[in-house]
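>>> Structural data only, the sequence is not supplied:
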Ligand SMILES: Nc1ncnc2c1ncn2[C@@H]1O[C@H](COP(=O)(O)OP(=O)(O)OP(=O)(O)O)[C@@H](O)[C@H]1O
Ligand SMILES: [Mg+2]
C-alpha cells in the first residue's frame, strides 16, 4: 500500500490538499482512503459532503470509511476522533507503569520517561488508521499541524525503543515471580505495554515503508517557508521521505492586486531556491473556497498535472551503513541542516543518538558498528542529498581473538 501524509503549519491548506491529492489518486485508478484525525472534521466539508442531502452529520461522524459521492473513482473518507477513541486500556495503566517498571529493576529515569510520554493515544489512532486502510491501494492522511505531527512521527521509534529498554527481564519470568512479585494490575500493565509495543512497530512500518512519503504544504510567506524548511530537515533526519512541497494560495492573475501578485511570485522563487532539491508545486489562490469534487479536480490539474499524485519524485531520505576498507560510515539524511545544529553520541547500549535542535533520533547500531568507535562526523553531499556522515573505526579491543562483541 502507498501512504502519503499531508503535513504543514496550521491553516496552510493541509485538508484541502489532502482532498485534492486523494481525488487525483482515485481518478488515476487507485482504491483510495483519505483520513483525518482532526476533531474539527472539515474533510467531509471540503469534499462537498454537506448541503441538501441531510446526510452531512451522518458522514461527519461515521466510524467506518464512507464512499465519497461523485468522486471520479474509488474514494472513501474516514474522520477519526482521537479523543473519543482514546485507548482506555493504555490510559488506565499509564499511572501503574512507572511503579511497575521501577519494581522490576528498570532505571527510574527510564520508567518515568515511558510513563510520561504524551501522545501515545495519537499513535494508537494512527494504528487504527492502519487497520482501516487494509485493502486500499492508497492512503492519504490529513495530518495535524507540524509540531504535533513531528512529535507523532518521532514517537513510534522512540517509544518502541524505550519499551524494549524497559524490559530487562522477560515478562514470563516476571510472571513466575508470582503473586508476591506481581500484582494483577502489574500483569495488566505489562500486557498493555507489550501490546503498545507491537502496535507501534506496525505504525512505524506503515509510515516509513518504501511506499510512504510526507508532502509539505506551505504558503508564500517568509515565516511559513522558514518553518517548512525546518520541518523538512527534521522529517528527513527522522527517516521520513519528503516527496515534495506545495506552496498554496499563490495569487496569480488579474483578480489580485499587482503588489500581492509580485510578492507571491518572489516568494515562490524563494521557495524553489530553498527547496532546490525537491519538486516545488503551487496552488493558485482561488477566488472561491475550493470545496467540492469539481473545484478540487481543477486544483489537482494545476498542482499535480500529470505527475503521480502520491510521489512527486524527490530523492528518498536515507539511513545507510557503508563500508570503505577498514572504516564504516553511517549516513543520515539531514537536508538543509548546519553541522552546528547537530549533535551525536553513542549510548552504553550501543545506540547512536542524533540530536537536531529539540528533535532526537535514536538509531540502534548494527552489530558491526557496535564493535567500532565513532571517529568523526561530517556533512556530505550524496545522491540522496545532504547527509550527516558518522565515521566509525574498528575498536581493536573488541575485534581481538576471543573478544566478544
Ligand atoms: N488554494 C486555495 N485558495 C483559496 N482558499 C483556499 C485554498 N486552499 C485552502 N483554502 C482555504 O483556506 C482555509 C484553510 O484551508 P484548510 O482547511 O485546507 O487548511 P488546514 O491546513 O487543513 O487548516 P488546519 O490546520 O486548521 O486543519 C479553508 O477555508 C480553505 O477553503
Ligand atoms: Mg485541516
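Sure thing, it's come through. No experiment lies behind these values; they were computed from the predicted model shown. Ligands and ions are numbered 1, 2, ... in the order given.
>>> roughly how far apart are residue 43 and residue 62?
Counting by C-beta to C-beta, to the nearest Å, the gap from residue 43 to residue 62 is 11 Å. Heads up, the C-betas are built off the backbone N, CA and C, glycines and all.
>>> Pick out whichever of these two has more residues nearby.
Ranked by neighbour count (other C-beta atoms under 10 Å), residue 43 and residue 62 place residue 43 first, with 25 against 16.
>>> Skip the chain neighbours and tell me the closest residue to that one.
residue 36 (4.2 Å; C-beta to C-beta, 6 or more residues apart in numbering).
>>> my read: the one you found touches residue 15, true?
Yes: with contact defined as C-beta atoms under 8 Å, residue 36 reaches residue 15; the gap is 6.6 Å.
>>> Mind listing the shared neighbours of those two?
42, 43, 142 (C-beta atoms under 8 Å, 6 or more residues apart in numbering).
>>> Just to be sure, which of these are found in strands?
residue 142 (DSSP state E).
>>> my read is residue 302 is in a helix, agree?
Yes: Residue 302: assigned to a helix according to DSSP: H, G, I helix; E, B strand; the rest coil.
>>> pLDDT at it, what is it?
For residue 302, the pLDDT comes out at 97.
>>> what about it, neighbour count?
For residue 302, using other C-beta under 10 Å, the count is 15.
>>> give me every residue that touches it.
282, 283, 284.
>>> that older thread, bridging residues for the residue nearest to residue 43?
residue 79, residue 142 (DSSP bridges).
>>> Would you mind measuring from it to residue 251?
27 Å.
>>> Counting neighbours around each, name which of these two comes out higher.
residue 36 (27 against 18).
>>> contacting residues for that one?
Contacts of residue 36 (C-beta under 8 Å, 6+ apart): 15, 18, 42, 43, 78, 79, 80, 141, 142.
>>> shouldn't the last one be in contact with residue 15?
In this case it means residue 142. Yes: if you go by C-beta under 8 Å, residue 142 and residue 15 touch, sitting 5.0 Å apart.
>>> Need the overlap of contacts for these two.
36, 38, 43.
>>> Would you mark the buried spots in stretch 29-39?
For stretch 29-39, the neighbour count (16 or more other C-beta atoms under 10 Å) marks 30, 32, 33, 34, 35, 36, 37, 38 as buried.
>>> if we look at ligand 2, which of those are close to it?
Under the cut-off given by C-beta under 5 Å from the ion, ligand 2 has nothing from those close to it.
>>> Could you tell me the per-residue confidence at the residue nearest to residue 8 when sequence neighbours are not counted?
Spatial nearest neighbour of residue 8, excluding adjacent residues (C-beta to C-beta, 6+ apart): residue 217 at 3.7 Å. Residue 217 is assigned a pLDDT of 98 by the prediction.
>>> For burial, what's the neighbour tally of residue 217?
Counted with other C-beta under 10 Å, residue 217 comes out at 25.
>>> which residues touch the nearest residue to residue 68 once chain neighbours are set aside?
Using C-beta to C-beta, 6+ apart and skipping residues adjacent in sequence, the residue nearest residue 68 is residue 75, 4.5 Å away. Contacts for residue 75 (C-beta under 8 Å, 6+ apart) come out as 22, 23, 26, 32, 33, 34, 67, 68.
>>> Quote the end-to-end distance of stretch 321-330.
4 Å (C-alpha to C-alpha, to the nearest Å).
>>> what residues does it touch?
In contact with stretch 321-330 (C-beta under 8 Å, 6+ apart) are residues 319-320, 331, 352, 363, 365-366, 368-369, 372, 375, 389-394.
>>> Among the residues you listed, name the buried ones.
319, 331, 352, 363, 365, 369, 372, 389, 390, 391, 392.
>>> If the third one is in a bridge, with which residues?
Taking DSSP bridges, one finds residue 346, residue 363 as the beta-bridge partners of residue 352.
>>> I'd assumed residue 370 was in contact with it.
No: using C-beta under 8 Å as the test, residue 352 is too far from residue 370 to be in contact (9.9 Å).
>>> Looks to me like the residue nearest to residue 8 is in a strand.
Yes: assigned with three-state DSSP, residue 217 falls within a strand.
>>> Just to check, it is in contact with residue 14?
Yes: using C-beta under 8 Å, residue 217 is in contact with residue 14, at 5.2 Å.
>>> hey, what's in contact with both of the two?
Joint contacts of residue 217 and residue 14 (C-beta under 8 Å, 6+ apart) are 6, 7, 8.
>>> Would you mind measuring from the first one to residue 312?
In other words, residue 6. 12 Å.
>>> For the two, work out which one has more neighbours and name it.
Applying other C-beta under 10 Å to residue 6 and residue 312 shows that residue 6 carries more neighbours, namely 27 against 21.
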